[in-house]
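Student: Got a predicted structure plus its sequence, pasted below:
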Amino acid sequence: MTTTEPVTEPALETTTIRTAAQALDAAREHLLGLQSPEGWWKGELQTNVTMDAEDLLLREFLGIRTGEDTAEAARWIRSQQAPDGTWANFHDGPPDLSTTTEAYVALRLAGDLPDAGHMVRAAAYIRGEGGIPATRVFTRFWLAMFGRWPWDELPVLPPEMMFLPRWFPLNVYDWACWARQTIVPLTVVGALRPVRPLPFALDELYPDHGVPRPRGRRLPGWGEAFEALDRALHVYERRPLKAVRRAALRRAAEWIIARQERDGSWGGIQPPWVYSLLALHLLGYGLDHPVVRRGLDGLEGFTIRDERGRRLEACQSPVWDTALAMNALADAGLPAGHPALERAAEWVIGEEVRGPGDWSVGRPGLPPGGWAFEFDNDCYPDTDDTAEVVIALDRVRHPRAEPAIERGVRWLAGMVSRDGGFGAFDADNTRALCRRLPFCDFGEVIDPPSADVTAHVVEAMARRGMADSLLVKRAVVWLLKAQEPDGSWFGRWGANHVYGTGAVVPALIEAGVRPEKPVIRDAVGWLERHQRDDGGWGEDLRSYRDRSWVGHGASTPSQTAWALLALLAAGERGPSVERGIRWLVDRQRPDGTWDEDHFTGTGFPGDFYINYHLYRLVFPLSALGRYVNGAGPSPARPGAADRGHRDPEGI
């Protein structure tokens, strides 16, 4: 008779480490195989079908829409429609009225008849939610250009705002960089009020199946003063001062043209790109003008075609993806001199932004030295990318890395806001007045400091031996104050509290906060309480509007990895970590990567979300690497232990 000895916890951990090491090897090889010959990585940046609908509307307005492009885009849009006829802003999300309306109009352009089943279902939902009058301002802006909404019923932002001085409220630089690039061309389009009618009516999209008197949309917090301002602007819009209006339109055009990137884009993102092309076209720049031609041609580089149809990326993220890939590979044990890391470092160093940009308006004496998100975006480097690049370059051997790192750190230090935190693109971009305008019923329009960005900057600077600096100490205090009562942190650029907590805990540890301190224990407790029964972590994007979703949602590879990175940094090796690692190991694909349909990236909290297709690989690789190597961030990064990790302010 034989007896089976019970499997002890150390034996389970040994088994998990062995299988995790195998998963680590497979993921590392898969990621290495995705590197471009030039040295960069780039995953698809997937958003929602408004990108494709507005692309068709732009081409219709300019008279360049082709049958082939329309058919391919329509096939993609149809493939994303839910069985109830609606479209959402993220995978498995709730229906969105404006997204559904724009998709519906695009399909009408493609020839889909209103009595087709999928169109009937979409129209019924739109009517049930209030119809076209209840859509967001940007949707009605598009419809106004096609004669399906009155210009007089839209809020007014006149191009004369270009003359407002920097100190005056609502000047151009009060807006976040993505918003100002969009608002400036929209002031031109709104001033010129073009109408190029569609070949069909949209009566079926009104609540009573007719065309009631259009009504304006009042936003929460829209006070009497702002209503009075809007009325005054409408009066002025009927009879603007001609000389001032001409000068304002000219200045707006100059401002727009000066910010076009080498690839033809504006800021490397869809909204300002589309509206800038519209504005310049309306100002008389022909389709053959070099600026317009470059802009239209550049859209092709953001277009993906496959068996599902044609779709447009709202943005591309090669610098971000490459920095994350470099850090993941370093976590996975790739030596600092590995050819893949050296090629990546060479490419990244060449992407450094060495000239001034819009950030210089707020920091005029600061020398440049940051990195942007995209291939071409020299006007708008950001602190988040710069921090990740600094960390990545600090972990490789490249003869030109150190000077680039030093310039990056200097630029980061100069971009701190007055409260000690860091926004993404500008310092002290915190005037909330912009949020109250009726134009701003979709997406964030200012760029205040956030926990995730501040954490990445802290981590980068602490790695460089700056943990004892006043700059890092103030940023750490900012992070401590930003911790939620439940122990988590809000995630501005990722979903959501899992992302924020996954960023902040490693940064605080890197800065010298000891794992046994209450701030870390509270964060660990929050993560352990929100681990799902299957061993993973997930947080639905609805958590931005509904707190009942905070920390809750389907488990995903990227979010599970974020939680593990925080727990490992805090020194945890218990059941929560083991279950999380097993979740990743058990769900790895045979080719070494993971499936992730859910969106875990954030563009605008509550409104616009992103599925970064490389997140499902780089973050699990980092988590597995740190687990297998038995280390948090500091020991896994050569040299960090020699840079003086002390407990800032005795925290």
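Tutor: Happy to help now that I have it. Numbering: from 1, shown residues only.
Student: can you pull out the helices in the stretch 351-500 of the chain?
Tutor: 359-362, 383-393, 401-414, 451-463, 470-482, 497-510 (DSSP state H, counting those that start in this stretch).
Student: got the angle between the second one and helix 401-414?
Tutor: In this structure, helix 383-393 runs at an angle of 150 degrees to helix 401-414, with axes from the mean of the first three to the mean of the last three CA atoms, to 10 degrees as the basis.
Student: Which strands and helices lie in contact with helix 383-393?
Tutor: helix 318-331, helix 339-350, helix 401-414, helix 451-463 (3 or more CB pairs under 8 Å, 6 or more residues apart in numbering; DSSP states H and E). The C-beta positions use only the backbone N, C-alpha and C, and glycine is treated the same way.
Student: make it 10 Å
Tutor: With contacts defined as 3 or more CB pairs under 10 Å, 6 or more residues apart in numbering; DSSP states H and E, the packing partners of helix 383-393 are helix 318-331, helix 339-350, helix 401-414, helix 451-463, helix 497-510.
Student: any chance of those in TSV, plus mean neighbour count?
Tutor: Converted to TSV, these look like this (neighbours: other CB atoms under 10 Å):
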stretch	mean neighbour count
helix 318-331	26
helix 339-350	19
helix 401-414	19
helix 451-463	27
helix 497-510	29
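Student: hmm, which helix or strand of the chain has the shakiest average pLDDT?
Tutor: Counting by mean pLDDT, DSSP states H and E, the weakest-scoring helix or strand in the chain turns out to be helix 224-238, with a mean of 77.
Student: After it, which helix or strand is next?
Tutor: Using DSSP states H and E, the helix or strand that follows helix 224-238 in sequence is helix 242-258.
Student: For that following helix, which helices and strands make contact with it?
Tutor: Applying 3+ CB pairs under 10 Å, 6+ apart, we find helix 242-258 packed against helix 177-192, helix 270-282, helix 290-299.
Student: Show me which positions of that helix end up buried.
Tutor: Using 16 or more other CB atoms under 10 Å as the test for burial, helix 242-258 gives 245, 248-249, 252-253, 255-256.
Student: Could you do stretch 123-131 as well?
Tutor: Taking 16+ other CB under 10 Å as the criterion, stretch 123-131 shows 123, 125-127, 129, 131 as buried.
Student: Can I take it that Gly580 is in a helix?
Tutor: Yes - under DSSP: H, G, I helix; E, B strand; the rest coil, Gly580 falls within a helix.
Student: nearest spatial neighbour of it, skipping sequence neighbours?
Tutor: Leu564 (4.8 Å; CB to CB, 6 or more residues apart in numbering).
Student: give me the element the one you found is part of.
Tutor: Per DSSP H and E: helix 557-569 holds Leu564.
Student: helices or strands next to that helix in the packing?
Tutor: helix 497-510, helix 518-529, helix 575-587, helix 615-628.
Student: now, of those helices, which is deepest in the fold?
Tutor: Highest mean neighbour count of these: helix 497-510, a mean of 29 (counted as mean count of other CB atoms under 10 Å).
Student: would you put the C-alpha positions of it in PDB?
Tutor: Output in PDB follows, covering the C-alpha atoms of helix 497-510 (Å, rounded to 0.1, in the frame of the first residue of the first chain):
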ATOM      1  CA  HIS A 497      -7.600  51.700 -10.400                       C
ATOM      2  CA  VAL A 498      -5.700  48.400 -11.300                       C
ATOM      3  CA  TYR A 499      -3.600  50.500 -13.700                       C
ATOM      4  CA  GLY A 500      -3.000  53.400 -11.300                       C
ATOM      5  CA  THR A 501      -2.100  51.100  -8.400                       C
ATOM      6  CA  GLY A 502       0.100  48.900 -10.600                       C
ATOM      7  CA  ALA A 503       2.000  52.000 -11.600                       C
ATOM      8  CA  VAL A 504       2.300  53.800  -8.200                       C
ATOM      9  CA  VAL A 505       3.400  50.900  -5.900                       C
ATOM     10  CA  PRO A 506       6.600  50.000  -7.900                       C
ATOM     11  CA  ALA A 507       7.400  53.800  -8.100                       C
ATOM     12  CA  LEU A 508       7.100  54.300  -4.400                       C
ATOM     13  CA  ILE A 509       9.200  51.300  -3.700                       C
ATOM     14  CA  GLU A 510      11.800  52.500  -6.200                       C
END
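Student: on that earlier part again, mind putting the helices and strands packed on helix 242-258 in TSV, mean pLDDT, distance to Thr602 and mean neighbour count included?
Tutor: Below are the helices and strands packed on helix 242-258 laid out as TSV (pLDDT from 0 to 100; distance: least, CB to CB, whole Å; neighbours: other CB atoms under 10 Å):
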stretch	mean pLDDT	distance to Thr602	mean neighbour count
helix 177-192	96	13	23
helix 270-282	97	16	24
helix 290-299	97	24	17
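Student: Now the helix or strand where Glu68 lies: average pLDDT?
Tutor: Using DSSP H and E, Glu68 maps to helix 67-79. Averaged across helix 67-79, the pLDDT comes to 97.
Student: Report the contact partners of the closest residue to Glu102 other than its chain neighbours.
Tutor: Once flanking residues are discounted, Glu102 sits nearest to Ala53: 4.0 Å by CB to CB, 6+ apart. Ala53 makes contact with 73-74, 77, 87, 99-107, 109, 139, 142, 312, according to CB atoms under 10 Å, 6 or more residues apart in numbering.
Student: between the longest helix belonging to the chain and helix 339-350, how big is the angle?
Tutor: Using DSSP state H, we find that the single longest helix of the chain is helix 9-33. Angle, helix 9-33 to helix 339-350, by the same axes, to 10 degrees: 60 degrees.
Student: Narrow the buried residues of stretch 123-131 to those in helices?
Tutor: Those of the buried residues of stretch 123-131 lying in helices (DSSP H): 123, 125-127.
Student: so can I have a markdown table of those showing pLDDT and distance to Glu510?
Tutor: Shown next, in a markdown table, are those (pLDDT from 0 to 100; distance: CB to CB, whole Å):
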| residue | pLDDT | distance to Glu510 |
| --- | --- | --- |
| Ala123 | 98 | 53 |
| Tyr125 | 98 | 48 |
| Ile126 | 98 | 49 |
| Arg127 | 97 | 53 |
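Student: As CSV, these with distance to Leu541 would be great.
Tutor: Formatted as CSV, these follow (distance: CB to CB, whole Å):
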residue, distance to Leu541
Ala123, 26
Tyr125, 20
Ile126, 22
Arg127, 26
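Student: Just the closest of these to Leu280, please.
Tutor: Distance to Leu280, by CB to CB, is smallest for Ile126 among these, at 31.9 Å.
Student: That closest one and Tyr104 touch, don't they?
Tutor: Yes - at 6.7 Å, Ile126 counts as touching Tyr104 under the criterion of CB atoms under 10 Å.
Student: Mind listing the shared neighbours of the two?
Tutor: 85-86, 202, 204-205.
Student: Farthest pair within those?
Tutor: Thr86 and Leu202 (16.8 Å).
Student: Can you name the residues that contact Arg140?
Tutor: Contacts of Arg140 were listed using CB under 10 Å, 6+ apart, and they are 98, 101, 132-134, 148-151, 153-155, 214, 216-217.
Student: Cool, thanks, signing off.
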